[in-house]
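[1] Here is a sequence with its predicted model. Questions after.
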Amino acid sequence: MSTSSPPSMVIVGAGHCGGRAAQALREFGWTGAIDLVGMERHAPYERPPLSKELLTGQKTTSACLLRSSQAMIDDGIRLHTHRVAAIDTQGRRVTLANGRVLPYLQLLLTTGGAARCLDIPGAELPEVLTLRTLDDALSLAPRLNAGRSLLVVGGGFIGLEVAASARHLGTRVTLVEGAVRLLGRTVPADLADRVLALHREQGVDMRLGVLPEQIEPCAQGGVRVRLSDGSVLEVDSVVVGIGMAPAVDLARAAGLAVAQGIVVDAGLRASVPGVFAAGDVAEFPSPLSGQPMRQETWFNAETQARVSARNMLGGNETCQQAPWFWSDQYDHQLQVCGEPALGCSSVCRDLGEGDHIVFYLDGQGQLVGMSAWGRAQRSAKEFKLARLLVERHVRADPQALADPAVKLKSLSAQSPVAA
Ligand SMILES: Cc1cc2nc3c(=O)[nH]c(=O)nc-3n(C[C@H](O)[C@H](O)[C@H](O)COP(=O)(O)OP(=O)(O)OC[C@H]3O[C@@H](n4cnc5c(N)ncnc54)[C@H](O)[C@@H]3O)c2cc1C
């Protein structure tokens with residue numbers, strides 16, 4: 001065990017947010033040592049392709065990497081592929097599972113989370129997979145091709161994207177969702193219905209209000225799944241997409257405040273001096289409502305990496321960006337920006353051929369969110385402008401928002417409201 005290395009900037013979690021934060025520390029002028037510790041065998045990578053282009057073969061493993069290994073080396077970022085076992089906030093040091101001790105000047109926790117598993121008999125069988133890591137995706141990919149069958153458990157983003165990728169490859173797909181609609185409450189019911197219709201059109205056997213109850217191996221290979229409606233399915237593989245659990249155990253054991261995630265202020269400072277948290281694992285105050293929130297999105301990982309890096313270097317930045325995420329399914333894209341739940345009213349802009357944007361306005365008529373669905377190629381420009389309006393908290397006339405003849409760009413120019 002060695003404690004001889006001088007204190008450095010230590011980042012625990014070498015995923016998207018941790019990798020970007022290390023990069024940002026250099027960009028913002030930090031010339032001292034940076035230790036980036038992650039328990040996966042890979043250098044930091046982006047997760048969105050794992051349920052999309054990596055499964056369909058349109059992207060390679062190396063194309064998913066956040067940066068080239070050379071760029072990390074050039075930046076002098078020391079990557080340790082080990083689990084962090086403990087944090088001592090008094091002594092300002094972390095202990096790796098291999099016994100190595102890293103003293104820190106400032107510590108950033110970007111530990112993300114782990115995929116939730118089913119709690120039913122047979123959930124541990126090798127045919128039952130989850131999808132969170134690159135290795136998960138590499139295990140799943142060879143199971144998706146014509147002639148194979150797949151049961152997707154969960155009608156959230158990851159389950160739906162896996163279903164779309166599997167259909168693209170000719171796999172027979174059944175998707176079960178315990179609720180009576182898809183996508184929880186993250187999008188309006190009408191949009192969820194359109195997503196449902198598209199998957200049915202694409203040949204997915206979509207079953208709502210149904211849960212798996214038991215899984216057992218079939219003698220001839222694959223598994224037999226008993227569902228809550230009494231039906232039985234025989235499939236080659238099962239993918240469970242029922243959300244993720246934030247990785248907070250390390251922080252909790254170190255005495256940091258933890259609620260739905262590691263509790264941080266608007267500058268991503270945790271409850272103990274010298275410790276920050278960012279990305280999927282951080283619970284931070286919403287810039288709009290002040291209410292605690294967690295965001296499991298690519299954009300949040302990107303933006304919080306920069307805010308945390310600035311503040312580790314003594315800055316005083318806060319997270320101000322409106323939340324945003326996208327999901328690609330077939331040739332369609334879904335986008336949500338801002339906080340639709342804060343809206344008192346909504347208005348739909350029909351872009352034709354089923355593509356549309358729903359805007360959400362607060363009591364003052366100010367835009368607080370939007371959700372959009374449509375052909376990625378056809379409607380991307382409108383989606384981008386809609387996002388810009390939400391980011392600027394524009395106060396717009398609902399009739400103008402609804403009227404496709406009124407250019408969104410003109411609304412952006414006319415009526416920005418100070419945030
Ligand atoms: C399949 C998939 C598809 C997605 N698609 C989209 C999309 O289309 N659009 C979108 O906006 N978002 C998408 N996301 C979400 C987005 O990828 C995440 O929000 C983002 O990866 C979060 O980054 P993070 O660094 O906070 O966490 P992660 O990327 O999860 O990184 C956390 C890292 O910390 C490591 N770690 C945890 N505990 C320890 C420990 N004790 N010691 C060492 N290391 C540890 C983990 O192994 C992991 O590598 C997707 C996510 C997944 C899984």
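    On my side now, so go ahead.
[2] Where do the strands of the stretch 201-350 of the chain begin and end?
    205-208, 212-217, 223-227, 232-235, 237-240, 244-246, 262-263, 275-277, 282-285, 292-293, 324-329, 332-338, 345-352 (DSSP state E, counting those that start in this stretch).
[3] export these to CSV and tack on mean pLDDT, distance to the ligand and mean neighbour count?
    From N, CA and C alone the C-beta is placed, and that goes for glycine too. Below are these laid out as CSV (pLDDT from 0 to 100; distance: least, CB to the nearest ligand atom, whole Å; neighbours: other CB atoms under 10 Å):
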stretch, mean pLDDT, distance to the ligand, mean neighbour count
strand 205-208, 98, 20, 18
strand 212-217, 98, 20, 16
strand 223-227, 98, 22, 19
strand 232-235, 98, 20, 16
strand 237-240, 98, 10, 25
strand 244-246, 98, 7, 17
strand 262-263, 98, 11, 26
strand 275-277, 99, 9, 27
strand 282-285, 98, 8, 22
strand 292-293, 97, 13, 17
strand 324-329, 97, 3, 20
strand 332-338, 97, 9, 24
strand 345-352, 96, 21, 15
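[4] Export those to TSV and append columns for distance to residue 95.
    Formatted as TSV, the strands of the stretch 201-350 of the chain follow (distance: least, CB to CB, whole Å):
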stretch	distance to residue 95
strand 205-208	47
strand 212-217	38
strand 223-227	40
strand 232-235	43
strand 237-240	32
strand 244-246	21
strand 262-263	18
strand 275-277	15
strand 282-285	22
strand 292-293	29
strand 324-329	35
strand 332-338	39
strand 345-352	50
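[5] so what's whichever residue of the stretch 251-400 of the chain sits closest to the ligand closest to, chain neighbours aside?
    Of all residues in the stretch 251-400 of the chain, residue 279 sits closest to the ligand, at 2.2 Å by CB to the nearest ligand atom. In this structure, residue 279 finds its nearest non-sequential neighbour in residue 17, 3.1 Å apart by CB to CB, 6 or more residues apart in numbering.
[6] and what of residue 138?
    residue 61 (7.2 Å).
[7] Identify the residues contacting that neighbour.
    Contact analysis of residue 61 by CB atoms under 8 Å, 6 or more residues apart in numbering lists 42, 45, 54, 134, 138.
[8] which of these are buried?
    Neighbour-count burial (16 or more other CB atoms under 10 Å) is assigned, among the contacts of residue 61, to 42, 45, 54, 134.
[9] re earlier: within the helices and strands, which one has the residue nearest to residue 279?
    If you go by DSSP states H and E, residue 17 is part of helix 16-27.
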